[in-house]
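# model this:
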Amino acid sequence: MGKNNNPTGSRGTKHHCPGKSGWVGDESPGGCDEDHIGNMYYCKKHEMPCRNGCEGRAHLKNQDGCLKCKQRFIREAKKEKEAKKNQEEVEKGKEDEAFWNPGKGRKK
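Numbering: from 1, shown residues only. Modelled structure (predicted):
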């Protein structure tokens, strides 16, 4: 039966590697080689286990992380943006407060 032990007898890649028919960074299409770590199967040529340490997740070699990491990056960026916006509102509120309630030095 060879390398592919697919019970349906079909040939080709069993996994859903995007590099099967298109370039992934500098890696050419095709030539997929399936590997596994525990229950996680991935293409050794085009994919790698998550470089950020997410267990049981893989991503393409030209990406920074898996989808779980990508969502975490988006959440962190959103939190930073909200914190910056809140800080700007606090500073603006201080300026408004100083205008509407001046200290004794401005009153004459």
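
# how far is whichever strand or helix holds Glu89 from where the chain is centred?
Using DSSP states H and E, Glu89 sits within helix 67-100. Put simply, helix 67-100 sits 22 Å off its chain's centre (Cα atoms, centre = their mean, to the nearest Å).

# Give the other helices and strands that that helix contacts.
Using 3 or more Cβ pairs under 8 Å, 6 or more residues apart in numbering; DSSP states H and E as the contact test, no helix or strand touches helix 67-100. C-betas here are computed from N, CA, C, even on glycine.

# Quick check: mean pLDDT of that helix?
Averaging pLDDT along helix 67-100 yields 89.

# now stretch 27-39
Mean predicted confidence for stretch 27-39 is 86.

# Pull the contacting residues for the most centrally placed residue in the chain.
In the chain, the centroid-proximal residue (Cα atoms, centre = their mean) is Lys70; its distance is 1.9 Å. Listed by Cβ atoms under 8 Å, 6 or more residues apart in numbering, the contact set of Lys70 reads Asp64.

# That one and Trp100, how far apart?
45 Å (Cβ to Cβ, to the nearest Å).

# Next: Asn52.
48 Å.

# who's more crowded, the two?
Asn52 (14 against 7; other Cβ atoms under 10 Å).

# Which helix or strand contains that one?
Per DSSP H and E, there is no helix or strand for Asn52.

# I am assuming it contacts Gln71, so please confirm or correct that.
No. With contact defined as Cβ atoms under 8 Å, Asn52 and Gln71 do not form a contacting pair (11.8 Å).

# Would you agree Cys66 is in contact with Cys50?
Yes. When contacts are counted by Cβ under 8 Å, Cys66 is listed as touching Cys50 (4.4 Å).

# If anything else comes up later, I'll come back, but that's it for now.
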